[in-house]
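Undergrad: below are the sequence and a predicted model; questions follow.
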Amino acid sequence: EKMTPKENFAFVNAYLNRIGPVIRKNRGYIDKFMGDGVMALFQNNPDSAVKAAIDMQHEIFKYNNHAEKNEKHRIKIGIGINTGKMMLGTLGESNRMEGSVISDAVNLASRLENLTKTYGCNIIISEETYKNLNKKLFKIRKIDTVHVKGKTKSTGIYEVIDGEETEIRLLKIKSNSKFKKAILNYQNQNFEDALKLFREILSLNSKDYLCKVYIDRCKDLIKKGWDKNNWSYVEKLENK
(Lines give C-alpha, C1' and ligand atoms only; values in the text may rest on other atoms or scores of the structure.)
Protein backbone atom coordinates (compact mmCIF):
# COMPACT_ATOMS: atom_id res chain seq x y z
CA GLU A 1 0.00 0.00 0.00
CA LYS A 2 3.00 2.29 0.43
CA MET A 3 4.02 1.85 -3.22
CA THR A 4 2.77 3.45 -6.40
CA PRO A 5 1.57 1.07 -9.17
CA LYS A 6 4.86 1.63 -10.99
CA GLU A 7 6.87 0.79 -7.87
CA ASN A 8 4.73 -2.32 -7.34
CA PHE A 9 5.50 -3.59 -10.84
CA ALA A 10 9.20 -2.97 -10.33
CA PHE A 11 9.16 -4.73 -6.95
CA VAL A 12 7.20 -7.81 -8.14
CA ASN A 13 9.36 -8.17 -11.26
CA ALA A 14 12.54 -7.90 -9.17
CA TYR A 15 11.18 -10.67 -6.94
CA LEU A 16 10.22 -12.89 -9.91
CA ASN A 17 13.66 -12.35 -11.46
CA ARG A 18 15.14 -13.97 -8.36
CA ILE A 19 12.66 -16.85 -8.20
CA GLY A 20 12.45 -17.87 -11.89
CA PRO A 21 16.09 -19.00 -12.28
CA VAL A 22 15.85 -21.04 -9.05
CA ILE A 23 12.88 -23.00 -10.44
CA ARG A 24 14.59 -23.67 -13.78
CA LYS A 25 17.85 -24.66 -12.07
CA ASN A 26 15.89 -27.41 -10.31
CA ARG A 27 14.33 -28.65 -13.57
CA GLY A 28 11.02 -26.93 -13.00
CA TYR A 29 8.72 -25.37 -15.58
CA ILE A 30 6.93 -22.10 -14.81
CA ASP A 31 3.32 -22.59 -15.89
CA LYS A 32 2.17 -19.07 -15.07
CA PHE A 33 2.70 -15.96 -13.00
CA MET A 34 -0.30 -14.95 -10.88
CA GLY A 35 0.48 -11.43 -9.71
CA ASP A 36 3.26 -12.03 -7.19
CA GLY A 37 2.55 -15.79 -7.21
CA VAL A 38 4.07 -18.55 -9.34
CA MET A 39 2.72 -21.93 -10.43
CA ALA A 40 5.56 -24.29 -11.31
CA LEU A 41 5.54 -27.92 -12.48
CA PHE A 42 8.15 -30.62 -11.88
CA GLN A 43 7.62 -33.69 -14.01
CA ASN A 44 7.87 -36.96 -12.03
CA ASN A 45 10.30 -35.39 -9.57
CA PRO A 46 9.01 -34.24 -6.16
CA ASP A 47 12.61 -34.11 -4.86
CA SER A 48 13.36 -31.34 -7.35
CA ALA A 49 10.17 -29.49 -6.42
CA VAL A 50 11.05 -29.51 -2.72
CA LYS A 51 14.67 -28.57 -3.45
CA ALA A 52 13.44 -25.63 -5.54
CA ALA A 53 11.15 -24.51 -2.70
CA ILE A 54 14.07 -24.59 -0.24
CA ASP A 55 16.30 -22.65 -2.64
CA MET A 56 13.53 -20.09 -3.19
CA GLN A 57 13.26 -19.50 0.55
CA HIS A 58 17.04 -19.12 0.85
CA GLU A 59 16.94 -16.58 -1.98
CA ILE A 60 14.34 -14.63 -0.01
CA PHE A 61 16.55 -14.74 3.10
CA LYS A 62 19.35 -13.13 1.02
CA TYR A 63 16.92 -10.49 -0.25
CA ASN A 64 15.75 -9.71 3.29
CA ASN A 65 19.30 -9.30 4.57
CA HIS A 66 19.98 -6.88 1.72
CA ALA A 67 16.67 -5.06 2.29
CA GLU A 68 17.36 -4.64 5.99
CA LYS A 69 20.73 -3.01 5.31
CA ASN A 70 19.09 -0.63 2.84
CA GLU A 71 16.12 0.13 5.13
CA LYS A 72 13.60 -1.55 2.82
CA HIS A 73 10.78 -3.86 3.83
CA ARG A 74 11.36 -7.59 4.32
CA ILE A 75 9.12 -10.09 2.57
CA LYS A 76 7.86 -13.58 3.37
CA ILE A 77 6.58 -16.23 0.97
CA GLY A 78 4.69 -19.48 1.48
CA ILE A 79 5.03 -22.50 -0.80
CA GLY A 80 2.62 -25.43 -1.17
CA ILE A 81 3.61 -28.64 -2.98
CA ASN A 82 1.46 -31.57 -4.05
CA THR A 83 2.13 -34.59 -6.27
CA GLY A 84 -0.37 -36.12 -8.67
CA LYS A 85 -1.57 -36.50 -12.24
CA MET A 86 -2.64 -33.51 -14.30
CA MET A 87 -3.30 -32.50 -17.89
CA LEU A 88 -1.52 -29.69 -19.69
CA GLY A 89 -3.69 -28.08 -22.35
CA THR A 90 -5.09 -24.83 -23.69
CA LEU A 91 -7.84 -22.71 -22.13
CA GLY A 92 -9.81 -19.83 -23.57
CA GLU A 93 -11.67 -18.93 -26.74
CA SER A 94 -10.85 -18.11 -30.35
CA ASN A 95 -9.40 -14.64 -29.66
CA ARG A 96 -7.62 -15.35 -26.37
CA MET A 97 -5.99 -18.62 -25.38
CA GLU A 98 -3.32 -19.72 -22.91
CA GLY A 99 -1.66 -22.94 -21.83
CA SER A 100 -2.45 -24.26 -18.37
CA VAL A 101 -2.78 -27.38 -16.24
CA ILE A 102 -5.98 -28.68 -14.74
CA SER A 103 -6.42 -31.36 -12.07
CA ASP A 104 -7.48 -31.89 -8.50
CA ALA A 105 -3.77 -32.16 -7.61
CA VAL A 106 -3.25 -28.52 -8.62
CA ASN A 107 -6.15 -27.39 -6.42
CA LEU A 108 -4.67 -29.09 -3.36
CA ALA A 109 -1.27 -27.47 -3.95
CA SER A 110 -3.05 -24.10 -3.92
CA ARG A 111 -4.79 -24.97 -0.64
CA LEU A 112 -1.45 -25.95 0.91
CA GLU A 113 0.08 -22.64 -0.13
CA ASN A 114 -2.71 -20.86 1.75
CA LEU A 115 -2.14 -23.06 4.81
CA THR A 116 1.43 -21.75 5.19
CA LYS A 117 -0.16 -18.61 6.68
CA THR A 118 -2.38 -20.61 9.05
CA TYR A 119 0.44 -22.80 10.36
CA GLY A 120 3.29 -20.30 10.12
CA CYS A 121 5.39 -22.61 7.93
CA ASN A 122 7.44 -21.56 4.91
CA ILE A 123 6.93 -24.81 2.96
CA ILE A 124 4.07 -27.30 3.32
CA ILE A 125 3.88 -30.53 1.32
CA SER A 126 1.10 -33.10 1.00
CA GLU A 127 1.06 -36.73 2.08
CA GLU A 128 1.44 -37.80 -1.54
CA THR A 129 4.54 -35.68 -2.02
CA TYR A 130 6.01 -36.94 1.26
CA LYS A 131 5.50 -40.57 0.20
CA ASN A 132 7.42 -40.00 -3.03
CA LEU A 133 10.37 -38.08 -1.55
CA ASN A 134 13.86 -39.32 -0.85
CA LYS A 135 13.58 -38.82 2.94
CA LYS A 136 17.37 -38.77 3.36
CA LEU A 137 17.62 -35.47 1.49
CA PHE A 138 15.36 -33.35 3.71
CA LYS A 139 14.39 -32.58 7.29
CA ILE A 140 10.61 -32.88 7.55
CA ARG A 141 8.02 -33.04 10.32
CA LYS A 142 4.34 -33.95 10.11
CA ILE A 143 2.28 -31.01 11.30
CA ASP A 144 -1.36 -32.06 10.97
CA THR A 145 -4.05 -34.03 9.18
CA VAL A 146 -6.53 -31.77 7.43
CA HIS A 147 -9.76 -31.95 5.49
CA VAL A 148 -9.64 -29.03 3.07
CA LYS A 149 -12.68 -27.45 1.50
CA GLY A 150 -13.65 -29.07 -1.79
CA LYS A 151 -11.99 -32.42 -0.99
CA THR A 152 -13.75 -35.62 0.14
CA LYS A 153 -10.68 -37.18 1.78
CA SER A 154 -8.38 -35.85 4.48
CA THR A 155 -4.62 -35.61 3.91
CA GLY A 156 -1.56 -35.47 6.10
CA ILE A 157 0.49 -32.30 5.74
CA TYR A 158 4.20 -31.85 6.44
CA GLU A 159 6.58 -28.97 7.00
CA VAL A 160 9.93 -28.92 5.20
CA ILE A 161 12.18 -27.64 7.97
CA ASP A 162 15.06 -26.97 5.53
CA GLY A 163 13.07 -23.97 4.29
CA GLU A 164 13.72 -22.04 7.50
CA GLU A 165 16.54 -19.64 8.41
CA THR A 166 19.52 -21.34 10.06
CA GLU A 167 18.77 -20.62 13.73
CA ILE A 168 15.09 -21.60 13.51
CA ARG A 169 15.90 -24.67 11.40
CA LEU A 170 18.41 -26.02 13.92
CA LEU A 171 16.03 -25.48 16.83
CA LYS A 172 13.18 -27.25 15.02
CA ILE A 173 15.45 -30.21 14.21
CA LYS A 174 16.57 -30.36 17.85
CA SER A 175 12.99 -30.39 19.17
CA ASN A 176 11.55 -32.70 16.49
CA SER A 177 11.31 -35.82 18.67
CA LYS A 178 9.51 -33.83 21.40
CA PHE A 179 7.25 -32.29 18.76
CA LYS A 180 6.27 -35.76 17.47
CA LYS A 181 5.43 -36.81 21.03
CA ALA A 182 3.32 -33.68 21.54
CA ILE A 183 1.39 -34.34 18.31
CA LEU A 184 0.77 -37.96 19.36
CA ASN A 185 -0.56 -36.79 22.73
CA TYR A 186 -2.84 -34.33 20.95
CA GLN A 187 -4.20 -37.01 18.62
CA ASN A 188 -4.79 -39.35 21.59
CA GLN A 189 -6.73 -36.60 23.40
CA ASN A 190 -4.06 -36.16 26.09
CA PHE A 191 -4.37 -32.40 25.77
CA GLU A 192 -2.77 -31.47 29.10
CA ASP A 193 0.38 -33.44 28.25
CA ALA A 194 0.41 -32.07 24.71
CA LEU A 195 0.03 -28.51 25.99
CA LYS A 196 2.98 -28.94 28.34
CA LEU A 197 5.24 -30.25 25.56
CA PHE A 198 4.25 -27.56 23.05
CA ARG A 199 4.98 -24.90 25.67
CA GLU A 200 8.39 -26.43 26.36
CA ILE A 201 9.26 -26.34 22.66
CA LEU A 202 8.03 -22.75 22.31
CA SER A 203 10.14 -21.66 25.30
CA LEU A 204 13.23 -22.87 23.43
CA ASN A 205 12.15 -21.52 20.04
CA SER A 206 9.83 -18.53 20.26
CA LYS A 207 9.53 -18.46 16.45
CA ASP A 208 8.00 -21.92 16.20
CA TYR A 209 4.56 -20.52 15.34
CA LEU A 210 3.10 -23.98 14.87
CA CYS A 211 3.41 -24.63 18.61
CA LYS A 212 1.31 -21.52 19.24
CA VAL A 213 -1.39 -22.96 16.97
CA TYR A 214 -1.51 -26.19 18.96
CA ILE A 215 -1.30 -24.41 22.32
CA ASP A 216 -4.41 -22.41 21.39
CA ARG A 217 -6.19 -25.60 20.26
CA CYS A 218 -5.33 -27.45 23.48
CA LYS A 219 -6.31 -24.57 25.74
CA ASP A 220 -9.62 -24.19 23.90
CA LEU A 221 -10.44 -27.91 24.19
CA ILE A 222 -9.48 -28.05 27.88
CA LYS A 223 -11.56 -24.97 28.63
CA LYS A 224 -14.69 -25.90 26.65
CA GLY A 225 -14.49 -29.69 26.88
CA TRP A 226 -14.99 -32.18 24.06
CA ASP A 227 -16.92 -35.32 23.11
CA LYS A 228 -14.31 -38.05 23.64
CA ASN A 229 -16.18 -40.58 21.52
CA ASN A 230 -16.73 -38.35 18.49
CA TRP A 231 -13.76 -35.96 18.60
CA SER A 232 -11.36 -36.26 15.66
CA TYR A 233 -7.87 -34.83 15.34
CA VAL A 234 -8.52 -34.17 11.64
CA GLU A 235 -8.73 -30.40 11.24
CA LYS A 236 -11.63 -29.33 9.02
CA LEU A 237 -10.75 -26.20 7.06
CA GLU A 238 -13.57 -24.09 5.66
CA ASN A 239 -11.52 -21.52 3.76
CA LYS A 240 -10.04 -22.14 0.31
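TA: Received it, and whenever you're ready, just let me know what you need. Numbering: from 1, shown residues only.

Undergrad: list the buried residues for stretch 116-133?
TA: Within stretch 116-133, the residues that count as buried by 16 or more other CB atoms under 10 Å are 116, 118-130, 132-133. Every C-beta, even on glycine, is put in place using the N, C-alpha and C of the backbone.

Undergrad: pLDDT on that stretch, on average?
TA: Average pLDDT, stretch 116-133: 96.

Undergrad: ok, the buried residues of stretch 116-133 vs residue 214, which is closest?
TA: Residue 214 has its nearest neighbour among the buried residues of stretch 116-133 in residue 119, at 9.7 Å by CB to CB.

Undergrad: look at residue 141 and tell me its secondary structure.
TA: Under DSSP: H, G, I helix; E, B strand; the rest coil, the three-state class of residue 141 is strand.

Undergrad: hmm, back to that, among the buried residues of stretch 116-133, name the ones in helices.
TA: Using DSSP state H, the members of the buried residues of stretch 116-133 that fall in helices are 116, 118-119, 127-130.

Undergrad: do a quick rundown of the strands in this structure.
TA: Applying DSSP state E to the chain gives strands spanning 29-34, 37-41, 79-81, 87-93, 96-102, 123-126, 140-147, 155-160, 235-236.

Undergrad: what packs against the longest one?
TA: What that stands for is strand 140-147. helix 104-119, strand 155-160, helix 176-187, strand 235-236 (3 or more CB pairs under 8 Å, 6 or more residues apart in numbering; DSSP states H and E).
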